[in-house]
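Enquirer: Provide a 3D model corresponding to the input given below.
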Amino acid sequence: MSKISEIVSSLKTQWSLPKQVVHRGEPCPFLLACSFAAQPVDPGELDRLGLRLPDDVREFWLIARNAELFKDQHYSQWGLEVLKPAEAKFETERQRAARPKDFTRLDLVLARFFGDSDLVVVNCGSHGEGFGSITIALPIDRRSDWPLVGKSFGEFLESMAEAQGDKYWEAR
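Expert: Modelled structure (predicted):
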């Protein structure tokens, strides 16, 4: 079993039912859960994105078309939505049009957060050591201020699971 398969399996097992969590030593007031689309993506759909996808992103979509991770089950104001490939392409194009200085042609908006405007961006550049890295696009901050939250999507998912869905990169 691959790393992404293991992470998804673990999230399904541990988070399919809503549960109380602790964020930074404090109980979170919401019950959080994870859900995954049962239908995977057709590989041709991934090819139509026109980007070189990191293996872990490709593998995630071949397991689940989309997912809602650590979603607040009462108000839907917390958590992360991993987008379907077509939605990811649309959102990426929308962001490039709105913020051309911040989003490059080698970015892919992979996910968005419920309750705010933060976006999960994967570097799909075919060259360089940053390939596959994950940053959080902040709504009013320039790209130079976006936090790097993982060297890969798998690393990011593991960190999110360890933090029980908390935005571990934010200072409080």
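Enquirer: correct me if wrong: residue 148 contacts residue 133.
Expert: Yes: assessed by Cβ atoms under 8 Å, residue 148 is found in contact with residue 133 at 6.2 Å. (Glycine included, C-beta is placed from N, CA and C.)
Enquirer: out of these two, which sits in the more crowded spot?
Expert: Set residue 148 next to residue 133 and count neighbours by other Cβ atoms under 10 Å: residue 133 wins out with 20 against 13.
Enquirer: for that one, which non-adjacent residue is closest in space?
Expert: Spatial nearest neighbour of residue 133, excluding adjacent residues (Cβ to Cβ, 6 or more residues apart in numbering): residue 123 at 4.8 Å.
Enquirer: and the one you found, how far from residue 77?
Expert: Computed with Cβ to Cβ, to the nearest Å, the distance linking residue 123 and residue 77 is 28 Å.
Enquirer: so which of these two has more stuff around it?
Expert: residue 123 (20 against 12).
Enquirer: got a pLDDT number for the residue nearest to residue 133?
Expert: Looking at residue 123, its pLDDT is 96.
Enquirer: three-state assignment of the spatially most central residue of the chain?
Expert: The residue lying closest to the centre of the chain (Cα atoms, centre = their mean) is residue 111, at 4.1 Å. Assigned by DSSP: H, G, I helix; E, B strand; the rest coil, the conformation of residue 111 is strand.
Enquirer: beta partners of it?
Expert: residue 82, residue 120 (DSSP bridges).
Enquirer: what bits of the protein have low per-residue confidence?
Expert: 1, 126-128, 172 (pLDDT under 70).
Enquirer: mind listing the strands for it?
Expert: 19-23, 26-36, 67-72, 80-82, 107-113, 119-123, 134-137, 148-150 (DSSP state E).
Enquirer: direction included, what does the last one pair up with?
Expert: This means strand 148-150. Strand 148-150 has the following sheet partners, assigned by DSSP bridges: strand 134-137 (antiparallel).
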